[in-house]
Structures are given as structure tokens and as C-alpha cells.
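Student: quick one: sequence and predicted model below, then my questions.
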Amino acid sequence: VQLQASGGGLVQTGGSLRLSCAASGLTLDYYAIGWFRQAPGKEREAVSCISTSDGSTYYSESVKGRFTISRDNAKNTAYLQMNSLKPEDTAVYYCAADLVCTNGMDYWGKGTLVTVSS
């Protein structure tokens, strides 16, 4: 099982990025997909999650209204569209998969770095 996050980079405040999470070895249709982030010196935090059962979504208060999680089961890929980025969004972003949205998800990918300059 492999999850590969990509799409990070350097962006100015107010800019946008779209992160992708490509899965291999598992069919994303059957899994909830979560996005997490860890900023330097801080604990990992949950950013967003999309369930498999009814497609319901969760967003942390800090990103609600700015980030959108989605999935394309045909491409076995999930996405995190990030708009109106702020310097405090700077972090390594990870995608993860499990049967349900949870902080301790079973499968984790390597992260992708997002840097938002002020």
C-alpha cells in the first residue's frame, strides 16, 4: 500500500495550491481519506477528511471555508484544494487512509511541503 502526496510548493499569501494523494495497493473507494499537517515545532493536526460511506467531509476550524477536500475514485486519487493561503498554513502535509476518519489512520503517505510566504 502506498499513498503519495504531491503538489506542495512555495506560494504567496492569498495564493492557492492543490494537493494530490495518489494511492496504489488499495482502492480509495473503500477508504476514508484524511489530510493532516505538521508545522515546524508543532504537533500534527488534522486538516480535513472525507468519508467513504456518504462522502461527508470534515474541516478544521482553521481551514474551513478555504480548503476543499475531494476524491476521484476513477483515478484512485484524493485532492485538497487550498485557497486564500496564509503563512500559518505552512507545514508538511500528509494524506492518510482508513476505513473511517480518525486521527490514527492506518495508511500514511510521505508528506509534501507547503510554504506560504508573507
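Tutor: Done, it's in.
Student: so who does the residue most central in space within the chain touch?
Tutor: Geometric centre of the chain, nearest residue: residue 35, 2.8 Å, by C-alpha atoms, centre = their mean. By C-beta atoms under 8 Å, 6 or more residues apart in numbering, the contact set of residue 35 is 19, 21, 46-49, 69, 80, 93-96. Where you see a C-beta, it was placed from the backbone N, CA and C, and this is true even at glycine.
Student: avg pLDDT for the helix or strand encompassing it?
Tutor: For residue 35, the host element (DSSP states H and E) is strand 32-38. Averaging pLDDT along strand 32-38 yields 97.
Student: contacts for the helix or strand that that strand is followed by next, please.
Tutor: On the C-terminal side of strand 32-38, the closest following helix or strand by DSSP H and E is strand 45-50. Contacts to strand 45-50, defined as C-beta under 8 Å, 6+ apart, come from residues 32-38, 56-60, 63, 67, 69-71, 78, 80, 93, 101, 103.
Student: where in this structure is pLDDT low?
Tutor: By pLDDT under 70, the chain contains no weakly predicted segment.
Student: what are the ranges of the helices in it?
Tutor: Counting by DSSP state H, the chain has no helices at all.
Student: which stretches of it form strands?
Tutor: Taking DSSP state E, the strands of the chain run over residues 2-6, 9-12, 17-24, 32-38, 45-50, 57-59, 67-72, 77-82, 91-98, 107-108, 112-117.
Student: got the contact list for the closest residue to residue 51 other than its chain neighbours?
Tutor: Once flanking residues are discounted, residue 51 sits nearest to residue 32: 4.9 Å by C-beta to C-beta, 6 or more residues apart in numbering. With contacts defined as C-beta under 8 Å, 6+ apart, residue 32 is in contact with 49-52, 97-102, 105.
Student: tell me the bridge partners for residue 32.
Tutor: Beta-bridge partners recorded for residue 32 (DSSP bridges): residue 98.
Student: now residue 92: closest residue in space that isn't a chain neighbour?
Tutor: Residue 92 sits nearest to residue 111 (C-beta to C-beta, 6+ apart), 3.8 Å away.
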